[in-house]
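Student: need a structure here:
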Amino acid sequence: MLWRFSGIYLACRRKMMQRDYYAFRKSELSDCLDALEKAYDDVEKAKQEKDKNARKQAEDQIKQAAEKAVKIEPHLAYLWYWARREEAERWKERKKAKQFSDIATAIRDAWQERLTADAILQTFHFIPDSSFITHLPSLSFLLHITFRLQKLYLSKDERDFYLLDNPLRREKVFQTPMVAATSWKGALRAAMVQQLAQWWNNLEPSEKETRNHRKRFVSRRITIARLFGTEKSVQVDDQQFESYLDKLGGEHQARWYRRYVRRYIAANGFFAGRLYFFPTFFNNLDLEVINPHDRKTGVGARGPILMECEPQGITGELVLLYVPFGPIGQSEDEKRAQVAQDLEVLAEGLHAMFTIYGFGAKTSSGYGVAEDAVEEGRIWTNISEAGQPISPPEEPVMPKDLREFLEQHPDEDFSLKPNEWREQHSATKAQRTHYKEARQLYRQYQQELDAHQKALAQWNTQAASPAQTFLGGKFDSLTQLMDETAKTLAEKLTTGGAA
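Tutor: Reported below is the predicted structural model:
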C-alpha cells in the first residue's frame, strides 16, 4: 500500500510544481498581455475614426507584443485568452469574446511563424550503428531503412498544456518530433495481424478446415508472438479465448497455439519478443488543416482544426534490432529455421505497414503511408559464411639490372657510397653510375621483401583462424527487401552460413 500513497504524493507534487511554473510564467507575460489588450483597443478606436495610419501602427504593436509573448511561453499566452473567450461566451459578452479570440489568433499566428524542429545531435547515439552487431548473440541482425513519406504523418503527444489540441509527439528533453519505439512496435504488429486476418478471411470455408491451412495460421501467429512477445490479454490456459486472433481462427487453433507456447517458448506463457525498436526523429514540422462537415447539412461543424504534422516528402530512419533467444537445448538447425522464417515474415510486415496500412494517427484516412522506394536500405548480421581460401602473397621478383650486377659482383652488399665504391674498385665513371642504380634497386627490393614477410606472417595467422565474412545486403525498395534480400538471406541461413 505504501507505494500507492507514494505514487499519489508524487503526482500531486508534480501538479503543484507545474502550477507554480505557469504562475511564474504568467507574471512574466503580464506586460506582453497588457500591451496586446491596449493595442487591440487602439485598433478598434482607429477603425471607428477611420484612421488608417493609427490602425496600421496598432496592428504592428499587436504583432510585436504577440511575438514577445511567444518567446516567453506561447501555450500559456494562447490558452489564457482562449479560456477568457470561453468565459465571455458563457456570459454572452460577445464583444469581449471577439477581442480575446482575435488576440489568441494573433498569438497563434506568431507561434506558427516560429514553428521549427531542432535536430537531435548524433553525439547522444540514440540510433545505433552497425559496429556493435558483432558483440551480440549469434544469428542477430540490424535493419536500417531510410523511408520517404508519401502522405502526412500525424500523432498525438502526451502534453496536456499546448497551444493546439493536436500536437505532434515530441522527445521530452529536446522537443524534437519523433515516432516512439513503442509506436513502431504497435504499428508493425497491427500490420502483421491484419495481413494474417486478410489471408484467413479470403479462404473458403472448406479451406479453413484443412490441416495445412490451420497449421499455417498457427505458425504465422507463433511467428508474430516470437517477434513481439506475449499477446495482450491472452492467458496460458485453455479456459478463455477472448482475443482477436482466438476468435478469428477458432478455439481449435487457439488451443494449438497455447500448447506450443507452453511447451516450446515459456511454460508460464509470458515472454519477450525478439525485435527491439529505436525511435525515429524528424527535423521538419508543418501544420495540417482539416474541416469536419456535418453529414446532414454539409457545412463545417466546428470550423477548421489545426494539427501538427510531418509533411509529405520528408525522410525518416527506421532502425530495428533482432536478437534471437529460445529454449536451452534447441538445436542449431532449429534456431536457423526460426530466424529465417522471422526474417521473411518481418520483411512482408514492413512492406505492408509502410505501403498499405501506414503508421501513426488517422491511418484509416490514408495518413502515415511511405513510398515503396527507399533512400537507403541496409541489413547487417553477425551470421558468417565460410570465406573463399586466400592465396599466399607472391614473393617479389628481383629486378633484371640488379640481378645482372650481382652476377658480376656476387659479394656486393651495397654498404659503400658510389664514390667510395669507385675508389675501392678503381672503377670508371660509367661503372660508378651502374653501381648507383643497382644500389637504389637493391634498397627497393629489400623493402619489398620486408613487406612480403609481414604479409606472409599475416596470411599464416589467417590460415590458422579463417576470417569471417558476415551475411548482409542492400536494397533500394521495400519490395526488393521482401522479394529478394530477405529470401536470399533466409536461404543462406538454412544452407550456407555459419554463426
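
Student: Closest to the centroid, which residue in this structure?
Tutor: The centre of the chain sits closest to Leu318, judged by Cα atoms, centre = their mean, with a distance of 2.8 Å.

Student: Name the helix or strand for Thr146, please.
Tutor: If you go by DSSP states H and E, Thr146 is part of strand 141-148.

Student: Mind listing residues that contact that strand?
Tutor: Strand 141-148 is contacted from outside by 128, 130, 133, 313-322, 343, 346, 350, 354, 370-371, 373-383, 478, 481, using Cβ atoms under 8 Å, 6 or more residues apart in numbering. The C-beta positions use only the backbone N, C-alpha and C, and glycine is treated the same way.

Student: and the following helix or strand past that strand, what does it pack onto?
Tutor: Next in sequence after strand 141-148, counting helices and strands by DSSP H and E, comes strand 178-179. On a contact count with 3 or more Cβ pairs under 8 Å, 6 or more residues apart in numbering; DSSP states H and E, strand 178-179 meets strand 280-281.

Student: and after the strand it packs on, which helix or strand comes next?
Tutor: Past strand 280-281, the next helix or strand by DSSP H and E is strand 286-290.

Student: Direction included, what does that following strand pair up with?
Tutor: strand 305-309 (antiparallel) (DSSP bridges).

Student: Please enumerate residues in contact with the strand it pairs with?
Tutor: Outside strand 305-309, the residues touching it (Cβ under 8 Å, 6+ apart) are 108, 152-154, 164-168, 177, 285-292.

Student: can you list the weak-confidence ranges in this structure?
Tutor: Where the chain drops to pLDDT under 70, the residues are 1-7, 118-124, 233, 235-239, 301, 384-392, 459, 461-470, 496-499.

Student: got the domain boundaries for it?
Tutor: 13-113, 137-291+302-388+473-495, 400-464 (automatic domain parsing).

Student: With Glu394 as the reference, name the closest of those.
Tutor: Shortest distance between Glu394 and the domains of the chain, using Cβ to Cβ, is found for domain 400-464: 7.9 Å.

Student: As a check, name the ranges of all strands in the stretch 301-450 of the chain.
Tutor: Counting by DSSP state E, counting those that start in this stretch, one finds strands in the stretch 301-450 of the chain at the ranges 305-309, 315-322, 376-385.

Student: With distance to Glu209 as extra columns, can I get those strands in TSV?
Tutor: Converted to TSV, those look like this (distance: least, Cβ to Cβ, whole Å):
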stretch	distance to Glu209
strand 305-309	47
strand 315-322	35
strand 376-385	39
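
Student: For Val193, find the nearest of these.
Tutor: That would be, of the strands of the stretch 301-450 of the chain and by Cβ to Cβ, strand 315-322, which comes in at 17.5 Å.

Student: what packs against that closest one?
Tutor: Looks like strand 315-322 contacts strand 141-148, strand 275-277, strand 280-281, helix 332-352 (3+ Cβ pairs under 8 Å, 6+ apart).

Student: List the contacts of the second one.
Tutor: The contact list for strand 275-277 (Cβ under 8 Å, 6+ apart) reads 181-182, 184-185, 188, 227-228, 319-323, 346.

Student: quick one on the thing from earlier: can you select the buried ones from the contacts of strand 305-309 in PyMOL?
Tutor: Entered in PyMOL, the line below selects the buried ones among those, by 16 or more other Cβ atoms under 10 Å:
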select buried, resi 108+152+153+154+164+166+167+168+177+285+286+288
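
Student: Return the angle between stretch directions for the strand holding Thr146 and strand 376-385.
Tutor: 170 degrees (axes from the mean of the first three to the mean of the last three Cα atoms, to 10 degrees).

Student: so how far is strand 141-148 off the chain centroid?
Tutor: 7 Å (Cα atoms, centre = their mean, to the nearest Å).

Student: Ok, stretch 276-287 next?
Tutor: The answer for stretch 276-287 is 8 Å, by Cα atoms, centre = their mean.

Student: buried sites along it?
Tutor: 276-282, 285-286.

Student: What is the end-to-end distance of it?
Tutor: 31 Å (Cα to Cα, to the nearest Å).

Student: Same question for stretch 366-378.
Tutor: Span of stretch 366-378 from end to end, Cα to Cα: 27 Å.

Student: Pull out the buried residues from it.
Tutor: 367-372, 374, 377-378.

Student: Among these, name the ones in helices.
Tutor: Among those, no member is found in helices (DSSP state H).

Student: Out of the residues you listed, which is nearest to Val173?
Tutor: Gly368 (24.8 Å).

Student: In this structure the closest one contacts Met353, no?
Tutor: No. Taking contacts as Cβ atoms under 8 Å, Gly368 lies outside contact range of Met353: 9.1 Å.

Student: For those two, list the residues in contact with both.
Tutor: By Cβ under 8 Å, 6+ apart, the residues touching both Gly368 and Met353 are 187, 359.

Student: Can I get the buried part of the contacts of strand 141-148 as one ChimeraX selection?
Tutor: Buried subset of those, written as a ChimeraX selection, criterion 16+ other Cβ under 10 Å:
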select :133,314,315,316,317,318,319,320,321,322,343,346,350,354,370,371,374,377,378,379,380,381,382,383,478,481
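
Student: Report the secondary structure element holding the residue nearest to Val261 when sequence neighbours are not counted.
Tutor: In this structure, Val261 finds its nearest non-sequential neighbour in Gly269, 5.7 Å apart by Cβ to Cβ, 6 or more residues apart in numbering. Assessed by DSSP H and E, Gly269 sits outside every helix and strand.

Student: need the longest helix for this structure.
Tutor: From DSSP H, the single longest helix across the chain is helix 2-49.

Student: Can you name the element that comes right after that one?
Tutor: Next along from helix 2-49, by DSSP H and E: helix 52-72.

Student: what comes up buried for the helix or strand following that following helix?
Tutor: Proceeding N to C from helix 52-72, the next assigned helix or strand is helix 74-90, under DSSP H and E. Of all the residues in helix 74-90, those buried under the rule 16+ other Cβ under 10 Å are 74-82, 84-85, 88.

Student: hmm, who's touching helix 74-90?
Tutor: With Cβ under 8 Å, 6+ apart, helix 74-90 has contacts from 22, 25-26, 29, 32-33, 66, 69-70, 94, 96-97, 100-101, 103-104, 107-108, 110-111, 161-163.

Student: Output that helix in CSV, but only the C-alpha positions, please.
Tutor: Taking C-alpha atoms only, helix 74-90 is exported to CSV below (Å, rounded to 0.1, in the frame of the first residue of the first chain):
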residue,chain,number,x,y,z
PRO,A,74,3.3,30.7,-26.3
HIS,A,75,1.0,27.9,-25.0
LEU,A,76,0.1,29.8,-21.7
ALA,A,77,-0.5,33.1,-23.6
TYR,A,78,-2.7,31.5,-26.1
LEU,A,79,-4.7,29.3,-23.7
TRP,A,80,-5.1,32.3,-21.3
TYR,A,81,-7.0,34.3,-23.9
TRP,A,82,-8.9,31.2,-25.2
ALA,A,83,-10.2,30.5,-21.7
ARG,A,84,-11.2,34.1,-21.3
ARG,A,85,-13.0,33.9,-24.6
GLU,A,86,-15.0,30.9,-23.5
GLU,A,87,-15.9,32.6,-20.2
ALA,A,88,-17.1,35.7,-22.1
GLU,A,89,-19.2,33.5,-24.3
ARG,A,90,-20.8,31.9,-21.3
